[in-house]
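> Fold the following, please.
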Amino acid sequence: MSTLAKSEIPTGTLTMRLGETLRRAIAAGQFPPGTKLPSEARLSEAHGVSRTVVREAIAALRADGLVEAKQGAGVFVLESTPPSGSFLSLQVIDPARVSSMIELLELRTAIEVEAAGLAALRRSPAQEEVIIERHYAIRACVDAGMPSAEADFSLHVAIADATNNPRFREFLAMIGKNSIPRAALRENDTETDQRAYVALLDSEHNQIVVAISNGDEEGARDAMRRHLRGSQARYRALLRQQRKPV
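Okay, here's the model as predicted:
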């Protein structure tokens, strides 16, 4: 496995990188089903990251059903099992059908608006810190010219965690990070248009994060609703464009 250098990279970005490294190792058979992952201390030393980063990366693997923690024994790799039909249907985004993305965004809006409100009420200081870190991790990806959809998804997961109701995280784990595929929206944009789009998303995320940090329940709900409904509107515009007769 490749080593992650410790730097000024936000914790959220380091978590995603370590999580992806471990996912690849599991998929490649380096850690077969039933085997125990290295300890937090060993992973921390091997990848040059803090134990907090290791714990968050392992938590993401657990949410994805790749590993399980056994008290007093460690973290073990699970057998890979195909998802059920209903589970799979929520994960599959058909790029030829923009309407499928709109459908999923409507479902996300119904659930994540409430999650934002609960996060504003229930978040712990540590959870608030993670939310802020994940927000800045998106900016770090953009500044580095890296894809930011996974970092975006991680921010939404952090908000779900801050509800302190595990069902919200389970829902996001079920729909997966492909629920934020941005490429189809911006592939024909000019560089100026793309910068404007990124700035708009950053502003929308910032409003959500600030409201949660301030404990503003209704403000957090409103900000999340604007963000997800804005995404719906952008996809509907794309749908009209694609279906316009030539």
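> residue contacts, residue 32?
residue 77 (Cβ atoms under 8 Å, 6 or more residues apart in numbering). No exception for glycine: its C-beta is placed from N, CA and C like everyone else's.
> pretty sure residue 30 is in a helix, no?
No. Read with DSSP: H, G, I helix; E, B strand; the rest coil, residue 30 is coil and lies in no helix.
> Count residues in the vicinity of it, would you?
Residue 30 sits with 12 neighbouring residues when counted by other Cβ atoms under 10 Å.
> Going forward, the N-terminal residue is numbered 886.
Okay, using 886 as the starting number, the last item reads as residue 915.
> Looking at it now. What's its pLDDT?
With respect to pLDDT, residue 915 scores 88.
> Residue 949 contacts residue 1060, correct?
No. Contact criterion Cβ atoms under 8 Å: residue 949 and residue 1060 do not qualify, at 11.9 Å.
> any weak-confidence spans in the chain?
886-897, 965-982, 1063, 1066-1075, 1127-1131 (pLDDT under 70).
> Which stretches in it count as strands?
Secondary structure of the chain, counting by DSSP state E: strands at 952-955, 959-962.
> deepest of these, which one?
Using mean count of other Cβ atoms under 10 Å, the stretch among the strands of the chain with the largest mean neighbour count is strand 959-962, at a mean of 18.
> next one: that one to chain centre, how far?
23 Å (Cα atoms, centre = their mean, to the nearest Å).
> Show me what it packs onto, helices and strands only.
If you count contacts as 3 or more Cβ pairs under 8 Å, 6 or more residues apart in numbering; DSSP states H and E, strand 959-962 packs onto helix 936-948, strand 952-955.
> Dump those to a markdown table, plus distance to residue 1125.
Formatted as a markdown table, the helices and strands packed on strand 959-962 follow (distance: least, Cβ to Cβ, whole Å):
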| stretch | distance to residue 1125 |
| --- | --- |
| helix 936-948 | 36 |
| strand 952-955 | 43 |
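> so which of these gets nearest residue 1115?
Counting by Cβ to Cβ, residue 1115 lies closest to helix 936-948 out of those; the figure is 26.4 Å.
> ok, and for whichever helix in the chain runs longest, which residues are buried?
Scanning the chain for the longest helix, with DSSP state H as the assignment, gives helix 1102-1128. Residues of helix 1102-1128 classed as buried by neighbour count (16 or more other Cβ atoms under 10 Å): 1102, 1104-1110, 1112-1113, 1116-1117, 1119-1120, 1123.
> Which one of those is nearest to residue 909?
Nearest to residue 909 among the buried residues of helix 1102-1128, with distances taken as Cβ to Cβ, is residue 1116, at 29.2 Å.
> Spatially nearest residue to the closest one (excluding sequence neighbours)?
residue 990 (5.4 Å; Cβ to Cβ, 6 or more residues apart in numbering).
> try residue 987
residue 1120 (5.0 Å).
> Does residue 1007 touch residue 1045 like I think?
No. Taking Cβ under 8 Å as the definition, residue 1007 is not a contact partner of residue 1045, at 11.4 Å.
> In terms of neighbours, single out the busier of these two.
Comparing residue 1007 with residue 1045 by other Cβ under 10 Å, the one with more neighbours is residue 1045, at 25 against 15.
> List the contacts of the more buried one.
Contact analysis of residue 1045 by Cβ under 8 Å, 6+ apart lists 997, 1000, 1004, 1053, 1054, 1056, 1057.
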